[in-house]
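Peer 1: make a model of this:
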Amino acid sequence: QVQLVESGGGSVQTGGSLRLSCAASGRTFNSYAMGWFRQAPGKEREFVAGISQSGARTVYADAVKGRFTISRDYAKNTAYLQMDSLSPEDTAVYYCTLDINYNDYVPMSVAEWDYWGQGTQVTVSS
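Peer 2: Numbering: from 1, shown residues only. The predicted structure is shown next:
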């Protein structure tokens with residue numbers, strides 16, 4: 001089993017920044033992609049960003065390209081999502097996710113990911 005613990009959410013004004021962290025533990029087999037999704041009230045959960053197991057590939061949703069940066073620290077089994085130039089449209093619960101795979105692949109659909117964190121609220125006020 002794998003556990004994901006997120007931190008770093010909170011409230012910020014438009015134009016501000018936040019950094020989310022996600023620490024993974026358990027049986028990851030040391031080969032896994034990590035990603036972030038978000039879900040706003042009344043909307044479906046949507047892909048935000050992902051990073052492959054090697055770190056060589058990163059994928060972003062069009063809505064966050066150029067503003068968000070995903071990274072990972074292998075020594076800490078932790079992924080990060082640096083969010084800059086935040087706008088009220090970024091307000092949502094952000095979920096960390098992990099996919100155990102042995103290819104350098106970043107899934108983009110909810111169904112492809114194996115494990116999920118509990119979510120952390122990000123609120124951006126105008």
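Peer 1: what's the mean pLDDT across stretch 85-104?
Peer 2: Across stretch 85-104, pLDDT averages out at 95.
Peer 1: swap in stretch 66-82?
Peer 2: 96.
Peer 1: pull up the distance across it, start to finish.
Peer 2: 11 Å (Cα to Cα, to the nearest Å).
Peer 1: any idea of the mean pLDDT for stretch 42-56?
Peer 2: 96.
Peer 1: what does that stretch contact?
Peer 2: Residues outside stretch 42-56 that contact it (Cβ atoms under 8 Å, 6 or more residues apart in numbering) are 31-39, 57-61, 64, 68-72, 74, 79, 81, 92, 94-95, 101-110. (C-beta placed from N, C-alpha, C; glycine too.)
Peer 1: out of these, which are buried?
Peer 2: 32-38, 59-61, 64, 68-70, 72, 79, 81, 92, 94-95, 101, 106-107 (16 or more other Cβ atoms under 10 Å).
Peer 1: where along the chain do the strands fall?
Peer 2: 2-7, 10-13, 18-26, 32-39, 46-51, 58-60, 68-73, 78-83, 92-100, 115-116, 120-125 (DSSP state E).
Peer 1: chain center to the fourth one: distance?
Peer 2: By that I understand strand 32-39. Distance, stretch centre to chain centre, for strand 32-39: 4 Å (Cα atoms, centre = their mean, to the nearest Å).
Peer 1: that one - what's its average pLDDT?
Peer 2: Mean predicted lDDT for strand 32-39 stands at 97.
Peer 1: ditto for the last one
Peer 2: Per-residue pLDDT values over strand 120-125 give a mean of 98.
Peer 1: distance of the residue of the chain most remote from its centre from residue 15?
Peer 2: Most distant from the centre of the chain: residue 126, at 23.3 Å, with distances by Cα atoms, centre = their mean. According to Cβ to Cβ, to the nearest Å, residue 126 stands 10 Å off from residue 15.
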